[in-house]
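> Predicted structure and sequence below. I'll ask about it afterward.
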Amino acid sequence: MKLVSWNVNGLRATLGKGLPEAVDSLQPDIVCFQEIKARPEQVADLWLAAWPHQLWNPAEKPGYSGVLTLSRIAPLAVTTGIGWPDHDREGRVCTMEFERFYLVNCYTPNSQNELARLPYRQEWDEAFRKYVVALAGKKPVVFCGDLNVAHEEIDIARPDTNHFSAGFSDEERADFTELLQSGFVDTFRALHPDARDEYSWWSYRGGARARNVGWRIDYFCVSQALMPCVKAASIHQDVMGSDHCPVSLELD
């Protein structure tokens, strides 16, 4: 089984920039999109319509946030949100249950300039951790998406100058450590412990992508019990169309 996750930074725009061909080239069974910025009735697309199982969770605010999971495999059940009304208005999580695991598609809030939204972000981190831990009490969990944190210095091109930047603050990194310590594994780093210059997001400014001045903030994490089933975890830096590139996970 192959899973792909991609922050498309606007689904409608990316559909016109080769998204169908890019996704098809990766041959996923399931694809999770973040930051779709659209409601289903706003997107008329034959490629999208061909996916038999779709789970949308758009934000209440038009043109903002939103997640979408497409699957060729029929889920046993689906849910949206994490059960916290204050958090669920922004369309940040949708969950499909399959026979062997729950798949959680997540778009974590950004702490914003000067960490203006850090207190809210930390509330979110705690609520999300409790959500996936509760799921993991029933069956293993795979969670993926733009988690808006570069966990370690190896995950960012310029660590020295970003310790007070959104996505690399000490607080966000500590929260991600706590999330992993609650029973989950960062699959890419587990399989590639020493891989450097492997990023999934680049600023549009200053030619950052061409120079590979990036951040690894898109993840596939799994319950520890699933690690024996993990065949591969990859970052597809050559796939264009967004300021993020897709990441993938292959399971036996």
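Yep, that arrived.

> Show me the strands in the stretch 51-200 of the chain, by range?
Secondary structure of the stretch 51-200 of the chain by DSSP state E, counting those that start in this stretch: the strands cover 53-57, 67-71, 77-80, 93-97, 102-107, 141-146, 184-186.

> how about the ones you listed, which one is nearest residue 243?
With C-beta to C-beta as the criterion, residue 243 lies closest to strand 141-146 of these, at 10.3 Å. The C-beta positions use only the backbone N, C-alpha and C, and glycine is treated the same way.

> helices or strands up against that closest one?
Secondary-structure packing of strand 141-146 (3 or more C-beta pairs under 8 Å, 6 or more residues apart in numbering; DSSP states H and E): strand 2-7, strand 30-34, strand 102-107, helix 118-136, strand 218-223, strand 247-251.

> And for the worst-scoring helix or strand of the chain on mean pLDDT, what's in contact with it?
Ranked by mean pLDDT, DSSP states H and E, the weakest helix or strand in the chain is helix 85-88, scoring a mean of 90. Helix 85-88 is contacted from outside by 80, 81, 82, 123, 124, 127, using C-beta atoms under 8 Å, 6 or more residues apart in numbering.

> Of these, which is the nearest to residue 140?
residue 82 (17.9 Å).

> my guess is that closest one meets residue 127, correct?
Yes: with contacts counted by C-beta atoms under 8 Å, residue 82 reaches residue 127, the gap being 5.9 Å.

> Between the two, which is the more surrounded one?
residue 82 (21 against 16; other C-beta atoms under 10 Å).

> what's the closest non-adjacent residue to that one?
Nearest residue to residue 82 in three dimensions, chain neighbours excluded: residue 131, at 4.1 Å (C-beta to C-beta, 6 or more residues apart in numbering).

> hang on, the earlier thing: so what's the gap between the least confident helix or strand of the chain and the chain middle?
Relative to the mean C-alpha coordinate of its chain, helix 85-88 is positioned 19 Å out (C-alpha atoms, centre = their mean, to the nearest Å).

> Might you report the residue contacts of residue 127?
82, 84, 87.

> Distance of the second one relative to residue 76?
In this case it means residue 84. Taking C-beta to C-beta, to the nearest Å as the measure, residue 84 falls 23 Å from residue 76.
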